[in-house]
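Engineer: The sequence and its predicted three-dimensional model are supplied below.
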Amino acid sequence: MEAKEQLQSFLEFAVGGIASDPEALEIVCTEESEKSFKYQVRVGDEDVPKVVGKSGFTASAIRSLLKVGAEKLGVEANLRVDGAKR
């Protein structure tokens, strides 16, 4: 499995476990370069506070784990959390 897919699987697991509606979870990956990825996670509007967490601590923790995983795979990764697209 390629680094991009491994990191996306991690995000599906981590964010899907927090969200009350995992079916609304959408992860979009933009390849900024061969070894740099930008992930945008969209969840239902009611799940945004859960995923972001108090003062952003939950999103920060997920972002840190994503960066460590990416580093082990020899790539860079960034994360952004958004509400559902209307």
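Structural biologist: Here it is on my side, so go on. Since the structure is predicted, the reported quantities are computational estimates derived from the model, not experimental observations.
Engineer: Near residue 29, how many other residues are there?
Structural biologist: Applying other CB atoms under 10 Å, we find 15 residues neighbouring residue 29. Any C-beta I mention is one placed from the backbone N, CA and C, and that applies to glycine too.
Engineer: and it, bridged to which residues?
Structural biologist: Residue 29 forms beta bridges with residue 39, as assigned by DSSP bridges.
Engineer: you'd agree it is up against residue 36?
Structural biologist: No. Using CB atoms under 8 Å, residue 29 is not in contact with residue 36; the gap is 10.9 Å.
Engineer: If you count neighbours, what's buried in stretch 25-36?
Structural biologist: Buried residues in stretch 25-36, counted by 16 or more other CB atoms under 10 Å: 25, 27.
Engineer: now swap in stretch 46-65 and tell me
Structural biologist: Neighbour-count burial for stretch 46-65 [16+ other CB under 10 Å]: 47-48, 51-52, 58-59, 62-63.
Engineer: From the chain's centroid, how far away is that stretch?
Structural biologist: Chain-centre distance of stretch 46-65: 10 Å, with CA atoms, centre = their mean, to the nearest Å.
Engineer: Compute the first-to-last residue distance for that stretch.
Structural biologist: Stretch 46-65 has an end-to-end distance of 24 Å (criterion: CA to CA, to the nearest Å).
Engineer: List the contacts of residue 7.
Structural biologist: By CB atoms under 8 Å, 6 or more residues apart in numbering, the residues touching residue 7 are 29, 37, 39, 66, 69-70, 73, 75, 77.
Engineer: give me the element it is part of.
Structural biologist: In this assignment (DSSP states H and E), residue 7 forms part of helix 3-18.
Engineer: give me the low-pLDDT residue ranges for this structure?
Structural biologist: 84-86 (pLDDT under 70).
Engineer: How are the strands of it distributed by residue range?
Structural biologist: Using DSSP state E, the strands of the chain run over residues 26-33, 36-43, 76-83.
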